[in-house]
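Visitor: Sequence and computational prediction follow.
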Amino acid sequence: MLPNTTSLSALQKEVDKAEPAVVMLSGRQFVAACAAAAVAIQLAGRVVLVPTWLVAAEVLLTILGLFVFGSFKFQIHKNALTYGMLLVIVSTFSQLPTSTWHTEIVQSGWGAWGHHHLLTFGGLDDLVHADTMLFILGLTLFVSVIAQTRLLEGITFFLLRRNGGIILPTIVSVTAIVAIASGVLGGVSMIGLTIRTFVIILMLAAAPLDSIRYAVMVCTAVTTICGVWTAYGEPPNLIMKANLYPHLGNAFFLYYGLPVALASFLAIAWQLKRRLGGPRIVLDELDVLDANAADVRFLQASRHGDTMTPVELIEGHASDLGEQADRVVERLRLGESLGIAMIRADVSEPTRRMLLAHYVSDELADSLDRHYVYAQEGLDELAFRAELAVDEVLAVTGKVRRRAQKIGAAALIPFFAMLILHAINNDVPLFLASFAGFIAALPGIAGITQMRQLALREARQEYAEYYFLFPLFLAITLLTSAGVFDLMQGLVVTGIAALGRAHVAFAQFLGSTFLSAILDNNIVADFASRGLHGLDNTLTQFFAMAQIAGYALGGCWTHIGCAQSVVAFAFIQRDLDVRFTPVQWIKEITPVVLQIMGLLAIIIYAEGFLLRWF
C-alpha cells in the first residue's frame with residue numbers, strides 16, 4: 001500500500017530508473033577473505049605473541065559490522081558476516097595460551113575437553129545457549145501453529161464490536177493482550193500477526209497512511225518492552241537468566257520486569273491516543289469478508305497455504321490489473337471492500353472473479369462477484385441471496401477454526417506444566433516446554449495440509465533470523481574464557497565506589513539502550529550480563545533490571561535493534577511505503593522511546609532509593 005499521491009505504476013517506474021537502494025556484496029568472497037585472514041593469523045602466531053585484546057577487537061568489529069553492513073547501501077548478509085568473522089576469532093583465540101580453555105586442555109587433554117563442551121547438553125549450552133535457542137525454536141513452531149487458528153483476529157473483531165467500531169479502545173485493548181501474550185509466548189512470535197491485525201482494522205477505518213505505519217512501528221515496542229515481565233517474553237531475557245543463574249528466577253522478572261512493562265504500556269497507550277484517536281468503523285456497513293476476517297484468513301490458509309490482505313492481493317497481481325491496480329488500492333485505502341473497490345475501478349468481471357478466487361476460493365468467486373455487483377447497484381435483496389453461499393462456507397470454516405483454537409488452547413497446559421517443572425528443577429531443559437506445546441497444538445491443523453505447511457514454513461523463516469547469533473554467542477564465550485569480562489567486572493565495582501549504585505545502574509541502562517539500538521539486543525544481553533558476575537545477589541538483580549530495560553527499549557529504537565524491528569521495517573517497506581528509510585523510523589519512534597526512557601529512569605532511581613533502606 002502506497003501514499004495516495006503516488007500511483008503504484010508511476011512509483012515503480014521511478015524506482016526502476018533509480019539506483020538500487022541496497023547493493024548486496026558477495027558473502028562468499030567475504031567468507032573467503034576471512035578464511036585467508038584466519039590462516040595469516042595462524043602463521044603470525046608462530047612468530048609473535050598474539051595479544052588478548054585482539055580477540056575482543058575482532059568481536060567488537062563483528063558486532064559493529066552488523067550495523068554498518070546492515071543499515072546502509074552496501075550490505076553483507078549477516079550470516080556470512082558472523083560465520084566468516086568466527087573463523088578469524090577462533091584462529092586468534094587459538095593463539096592465546098593463557099585462556100581457561102587452554103589450561104583445561106593442558107590438564108585434561110583434547111578428548112575430555114571435547115566430550116564436555118561438544119558432546120554434552122550442558123557444554124553446548126555454555127557454548128551457544130543451546131537450551132535457549134532450542135526453546136525459541138519450539139516456541140516459534142508452537143506459536144506459528146496457534147496463529148493459524150486466527151485467534152488474535154477473532155479477539156480483535158470481538159472487541160471492535162464491543163467498542164461500537166471505535167478504533168482507539170480496540171487497538172489499546174489488543175495491545176494489552178499482545179503485551180501479556182508476549183511475556184508468555186515471546187514477542188518475536190507475536191509481531192507478524194499483530195502487525196497484520198492492526199493493518200486490517202485500520203484499513204477498514206480508512207486511517208491515514210502515517211497512522212497505519214505508526215501502528216506497525218508501535219507493535220515493535222509492545223512486543224519488545226512490554227514482554228519483559230517474564231523470562232520467556234524475549235530471547236535476551238533467557239540469555240540474561242542463563243548467564244546469571246541462580247540470581248535471576250521467575251520472581252525476579254515479576255518484581256523488576258512488571259513495573260517496566262506496565263510503565264512502557266502506559267506510554268505506548270498515550271502515544272496511540274494521540275495518533276489514532278479519530279477513526280471508526282461503521283460495523284453495519286462491513287462487507288461479508290471484512291466482517292468475518294478470522295474465518296476468511298483461516299480459509300485462505302487452508303485452501304491456498306498463504307494469508308493475505310486485500311492490498312497484498314492487488315499488489316501481487318498488479319501485472320494482471322495494469323493501471324487499474326492504482327485505483328483499486330486507492331479505494332481500499334478509503335475503506336471500501338475488495339469487491340466494491342474492483343467494480344468502481346472498472347476491473348473486468350473475469351479478472352474480478354480470478355482475484356476473488358485467489359483471495360478466498362474458486363467455488364465462492366462467482367457468488368461473491370454477484371453479491372458485489374448487486375450491492376453496487378443497490379439491489380440489496382439479490383445481494384443478500386448471493387451472499388448466502390458465502391455465509392454457509394464461512395460458517396463451516398468457523399467450526400473447524402474454533403476446534404483448532406480449542407486444541408491450541410489445551411496445548412498451553414503441557415507448555416505451562418513443563419515451564420513450572422523447569423522452574424522447580426533447573427536441570428530439566430527449558431526447550432522441552434515449547435516442544436511439548438508444539439506437539440500438543442499440531443493436531444489442530446495437522447489434517448489441513450496447506451495450513452500445516454504454511455505454519456512450518458513461517459516458523460522456519462522466522463527462526464532463520466536467529467542463525468547469525470550462533471557465531472556471536474560462541475565468540476562471546478571465547479572472550480569469557482580469555483578473561484576479557486574480568487575487566488568489565490572491575491569497572492562495575494569501581495563505578496559503584498565512585499558514583500553509587502543508582503548512577504551505575506542508570507549508566508548501564510543508557511549503555512544497553514544505545515548499544516541495542518545499533519547492534520542487536522540478544523548480543524548486548526549476552527556480553528553485558530557477563531560483567532555482573534561476582535556481585536552480591538541484590539546488586540546483580542538491580543543491575544540486571546537496568547540492562548533488561550535498556551536492551552528492550554533500544555531494541556525498538558532502530559530498524560535492526562531486535563528481530564521485531566527487522567520484521568516491522570520489512571513490512572513497512574514491502575506493503576506500506578517502499579521509500580521508508582531507517583532515518584524515518586528513528587524519527588517517528590523516538591518520541592515514544594524518550595517518553596518510556598524517562599519513565600524507566602524514574603523506576604531505576606526509585607529502586608536504587610529502596611535498596612538504600614531495605
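Guide: Thanks, I have the structure now.

Visitor: Now do the helices in the stretch 1-150 of the chain.
Guide: Listed in chain order, the helices of the stretch 1-150 of the chain (DSSP state H, counting those that start in this stretch) span residues 8-17, 27-45, 52-71, 78-93, 100-118, 121-128, 130-147.

Visitor: Export those helices as TSV, with columns for mean neighbour count, mean pLDDT and distance to Leu499.
Guide: Heads up, the C-betas are built off the backbone N, CA and C, glycines and all. Output for the helices of the stretch 1-150 of the chain, formatted as TSV (neighbours: other C-beta atoms under 10 Å; pLDDT from 0 to 100; distance: least, C-beta to C-beta, whole Å):
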stretch	mean neighbour count	mean pLDDT	distance to Leu499
helix 8-17	13	45	51
helix 27-45	15	93	39
helix 52-71	18	86	24
helix 78-93	22	93	33
helix 100-118	13	82	31
helix 121-128	15	87	33
helix 130-147	24	90	32
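
Visitor: which residues touch Ala482?
Guide: Contacts for Ala482 (C-beta atoms under 8 Å, 6 or more residues apart in numbering) come out as Thr52, Val55, Ala56, Phe93, Leu96, Thr98, Ser99.

Visitor: In space, what's closest to it - neighbours in sequence excluded?
Guide: Ser99 (4.7 Å; C-beta to C-beta, 6 or more residues apart in numbering).

Visitor: So the one you found versus Leu254, what's the distance?
Guide: Separation of Ser99 from Leu254 (C-beta to C-beta, to the nearest Å): 38 Å.

Visitor: next one: Leu454
Guide: According to C-beta to C-beta, Leu454 stands 35 Å off from Leu254.

Visitor: same deal with Ala261?
Guide: Ala261 is 10 Å from Leu254, by C-beta to C-beta.

Visitor: Equivalent analysis for Ala423, please.
Guide: Going from Ala423 to Leu254 by C-beta to C-beta gives 12 Å.

Visitor: do the same with Ile200
Guide: Counting by C-beta to C-beta, the gap from Ile200 to Leu254 is 33 Å.

Visitor: cool, Leu382 as well?
Guide: Distance from Leu382 to Leu254, counting by C-beta to C-beta: 58 Å.

Visitor: returning to that earlier point: to Gly278, which of the helices of the stretch 1-150 of the chain lies closest?
Guide: helix 8-17 (26.7 Å; C-beta to C-beta).

Visitor: Out of the helices of the stretch 1-150 of the chain, flag the one nearest Val347.
Guide: Nearest to Val347, of all the helices of the stretch 1-150 of the chain, is helix 8-17, at 14.2 Å by C-beta to C-beta.

Visitor: so who does Phe416 touch?
Guide: Phe416 is in contact with Ala433, counting by C-beta under 8 Å, 6+ apart.

Visitor: Tell me if it really is in a strand.
Guide: No. If the criterion is DSSP: H, G, I helix; E, B strand; the rest coil, then Phe416 is helix and not within a strand.

Visitor: can you map out the helices along the stretch 501-614 of the chain?
Guide: Applying DSSP H, counting those that start in this stretch to the stretch 501-614 of the chain gives helices spanning 501-518, 521-529, 537-555, 563-571, 582-613.

Visitor: what would the contacts of Ala482 look like in a markdown table with distance to Ile239?
Guide: Putting the contacts of Ala482 into a markdown table (distance: C-beta to C-beta, whole Å) gives the following:
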| residue | distance to Ile239 |
| --- | --- |
| Thr52 | 24 |
| Val55 | 20 |
| Ala56 | 19 |
| Phe93 | 21 |
| Leu96 | 24 |
| Thr98 | 27 |
| Ser99 | 22 |
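
Visitor: re the thing from before, neighbour-wise, which of Leu454 and Leu254 wins?
Guide: Taking other C-beta atoms under 10 Å, Leu454 and Leu254 do not tie; Leu454 has more neighbours (22 against 15).

Visitor: Just give me the neighbour total for the residue lying closest to the more buried one once chain neighbours are set aside.
Guide: Computed as C-beta to C-beta, 6+ apart, the closest residue to Leu454 that is not its neighbour in sequence is Gly305, at 4.9 Å. Neighbourhood size, Gly305 [other C-beta under 10 Å]: 16.

Visitor: Tell me which stretches of the stretch 251-400 of the chain form helices.
Guide: Counting by DSSP H, counting those that start in this stretch, the helices of the stretch 251-400 of the chain are 258-275, 288-291, 293-304, 310-316, 318-321, 324-333, 338-344, 349-359, 362-376, 380-410.

Visitor: which residues are contacting the fourth one?
Guide: Residues lying outside helix 310-316 but in contact with it, judged by C-beta under 8 Å, 6+ apart, are 1, 8, 203, 308, 321, 325, 328-329, 332-333, 337-338, 341, 355, 358-359, 575.

Visitor: CA atoms only for that helix, dumped as CSV, please.
Guide: Output of helix 310-316 as CSV, limited to C-alpha atoms (Å, rounded to 0.1, in the frame of the first residue of the first chain):
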residue,chain,number,x,y,z
PRO,A,310,-6.7,-7.1,0.0
VAL,A,311,-3.8,-4.8,-0.7
GLU,A,312,-1.3,-7.6,-0.8
LEU,A,313,-3.6,-9.4,-3.2
ILE,A,314,-3.8,-6.4,-5.6
GLU,A,315,-0.1,-5.7,-5.4
GLY,A,316,0.6,-9.4,-6.1
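
Visitor: Buried residues, that helix. List them.
Guide: By neighbour count with 16 or more other C-beta atoms under 10 Å, helix 310-316 contains the buried residues Pro310, Val311, Glu312, Leu313, Ile314, Glu315.

Visitor: before we move on, back to that, quick one: the residue nearest to Leu454 and Trp585, what's the gap?
Guide: Gly305 is 31 Å from Trp585, by C-beta to C-beta.

Visitor: cool, Gly322 as well?
Guide: 32 Å.

Visitor: Show the contacting residues for Leu43.
Guide: Listed by C-beta under 8 Å, 6+ apart, Leu43 has no contact partners.

Visitor: Over to Ala552?
Guide: Residues near Ala552 by C-beta under 8 Å, 6+ apart: Thr224, Ile225, Gly227, Val228, Glu234, Pro236, Val260, Ser264, Ser516, Asn521.

Visitor: Gly561: which of the residues you listed is nearest?
Guide: Ser516 (5.2 Å).

Visitor: ok, Ile63 touching Ile523?
Guide: Yes. Counting by C-beta atoms under 8 Å, Ile63 does reach Ile523; the two are 5.9 Å apart.

Visitor: Need the residues touching each of the two.
Guide: Shared contacts of Ile63 and Ile523, counting by C-beta under 8 Å, 6+ apart, come down to Leu472.

Visitor: before we move on, back to that, between Gly322 and Trp585, point out the one with more neighbours.
Guide: In this view Gly322 and Trp585 are compared by other C-beta under 10 Å, and Trp585 has more residues nearby, 23 against 11.

Visitor: okay, the more buried one: pLDDT?
Guide: In this model, Trp585 is scored at 92, pLDDT.

Visitor: next one: the one 4 residues further on
Guide: Looking at Ile589, its pLDDT stands at 93.

Visitor: ok, so what distance separates it from Leu276?
Guide: Taken as C-beta to C-beta, the spacing of Ile589 relative to Leu276 amounts to 15 Å.

Visitor: and if you look at Gln564?
Guide: As judged by C-beta to C-beta, Gln564 and Leu276 stand 20 Å apart.

Visitor: for Tyr359, same thing?
Guide: Distance from Tyr359 to Leu276, counting by C-beta to C-beta: 27 Å.

Visitor: burial count for the nearest residue to Thr558 once chain neighbours are set aside?
Guide: Excluding its sequence neighbours, the residue lying closest to Thr558 (C-beta to C-beta, 6+ apart) is Ala517, at 4.7 Å. Residues near Ala517, counting by other C-beta under 10 Å, number 26.

Visitor: Can you verify my assumption that Ala517 contacts His559?
Guide: No. Using C-beta under 8 Å, Ala517 is not in contact with His559; the gap is 9.9 Å.
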